[in-house]
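Visitor: dropping the sequence and predicted coords here.
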Amino acid sequence: MDRTRKMVYAAFLIALSIVFTRVLSLRVPFMGVEGVRIGFGGLPIVFAGIALGPVTGAIVGGLADLLGYFINPMGAYMPHFTLSSLLTGLLPGLLICYVFKGRKSFRNLLLTIGVTQLLTAIIMVPYFMETLFGVPYAATVPARVISQAFMIPIYAYLCRVLLGYNLIKSTDYCAPARNK
């Protein structure tokens, strides 16, 4: 895939993530801050990592959070959440490429997205909310586990469907890993 095409796909996925996160998601407040956000804001970031590679996924995640903040701030800027968004794009690309050797079956997507969301949405974000805002970890984690139990299979299914349409024909970022 040429660089221009990849950059256009990345820009489109950044825009989708911003709209899904800032406009089309349900926010559940807890102790004066957002406790849980239910929506598809992470899907374009995860998909970028899977379809375009770990580096592009990380860039999409980081820029989606940064640009989203500048377009529609929801409180003070906290780089902690940019880090978790960046990892939401990086980890799927790394797992698909190096653990699953580029094979994007539904099972592999489910495991990849599950591990990613466990680390970022269920562990990191509640930890940051506790350390930054004093929201108890134990109070936010159960709701996040329940929401992710629904979102992970939905994300995996939608990624599989989008990959099946071959809209983004890119598996070349895994080629060096397969040759080893």
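Guide: Good, I have the coordinates.

Visitor: quick one: residues contacting the nearest residue to Tyr137 once chain neighbours are set aside.
Guide: Nearest residue to Tyr137, sequence neighbours excluded (Cβ to Cβ, 6 or more residues apart in numbering): Glu130, at 4.6 Å. C-beta coordinates here come from the backbone N, C-alpha and C atoms, glycine included. Each residue near Glu130 by Cβ atoms under 8 Å, 6 or more residues apart in numbering is listed here: Pro136, Tyr137, Thr140.

Visitor: quick check on those: which are buried?
Guide: Buried by 16 or more other Cβ atoms under 10 Å: Thr140, out of those.

Visitor: tell me which other helices or strands the top helix by length along the chain touches.
Guide: Using DSSP state H to define each element, the chain has its longest helix at helix 137-164. Applying 3 or more Cβ pairs under 8 Å, 6 or more residues apart in numbering; DSSP states H and E, one finds that helix 137-164 contacts strand 26-30, strand 33-38, helix 43-52, helix 106-117, helix 125-133.

Visitor: okay, now the unreliable bits of this structure?
Guide: Where the chain drops to pLDDT under 70, the residues are 1, 28-36, 167-172, 175-180.

Visitor: distance of the residue nearest to Tyr137 from Thr140?
Guide: Computed with Cβ to Cβ, to the nearest Å, the distance linking Glu130 and Thr140 is 8 Å.

Visitor: helix, strand or coil for Tyr77?
Guide: coil (DSSP: H, G, I helix; E, B strand; the rest coil).

Visitor: make TSV from the helices and strands packed on helix 137-164 and add distance to Arg5 to it.
Guide: Compiled in TSV, the helices and strands packed on helix 137-164 are given as follows (distance: least, Cβ to Cβ, whole Å):
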stretch	distance to Arg5
strand 26-30	34
strand 33-38	31
helix 43-52	10
helix 106-117	23
helix 125-133	32
